[in-house]
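# Here is my input; please provide its structure:
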Amino acid sequence: MPDWIQTGINHYQKQLPASFNFELITIDTQKRKGKNIEQIKTLEGELLIKATQGSNLVIAFDEKGKQHSTKGIAKNMENWQQNGDNVALLIGGADGLSDGVKKHAQTLWGLSSLTLPHSMARLLAVEQIYRAHSLLTNHPYHRE
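Okay, here's the model as predicted:
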């Protein structure tokens, strides 16, 4: 991952209060040698599903998922906090998500209709979590 992406992720993570209990878990990409794309997606999918243990709500980012505004994400986060939900947001690897991961998720969200590199999608997701949290805490960050 480029340093500037990790710097951006670190920046937004530091802006979230410790009580927010945000954790970024990265799984290892699977070696491509001797495997086809479906095998890679399946192996990565198994690791992603395993990483969601303890979460009662799993949301996977997928190009065909429903897109939300920042205000919509904030409303979802508010509901999660009120319900005490432990939410896992999943971003697939370079080849996307396996069908197993999509079935495991309770819902699919679209991050953008643009094709984004995995690292950029991660940065964008973390930034939107921060921005939605800012809205919920009346921080003067959001611009319409």
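
# Where does the residue lying closest to Y130 once chain neighbours are set aside sit, in terms of helix or strand?
Once flanking residues are discounted, Y130 sits nearest to Y12: 4.2 Å by Cβ to Cβ, 6 or more residues apart in numbering. Any C-beta I mention is one placed from the backbone N, CA and C, and that applies to glycine too. Using DSSP states H and E, Y12 sits in helix 3-15.

# What is that helix packed up against?
In terms of contacts (3 or more Cβ pairs under 8 Å, 6 or more residues apart in numbering; DSSP states H and E), helix 3-15 is packed against helix 118-136.

# any idea whether the residue of the chain most remote from its centre is helix, strand or coil?
For the chain, the largest distance from the centre (Cα atoms, centre = their mean) belongs to G34, which lies 28.8 Å off. Here G34 is recorded as coil under DSSP: H, G, I helix; E, B strand; the rest coil.

# Not counting stretch 123-141 itself, show me its contacts.
If you take Cβ atoms under 8 Å, 6 or more residues apart in numbering as the criterion, stretch 123-141 is touched by 5, 8-9, 12-13, 15-16, 20, 22, 24, 61, 70-71, 73-74, 76-78, 81, 89, 91, 111-112, 116, 142.

# And for the residue nearest to Y130, the neighbour number?
By the criterion of other Cβ atoms under 10 Å, Y12 has 18 neighbours.
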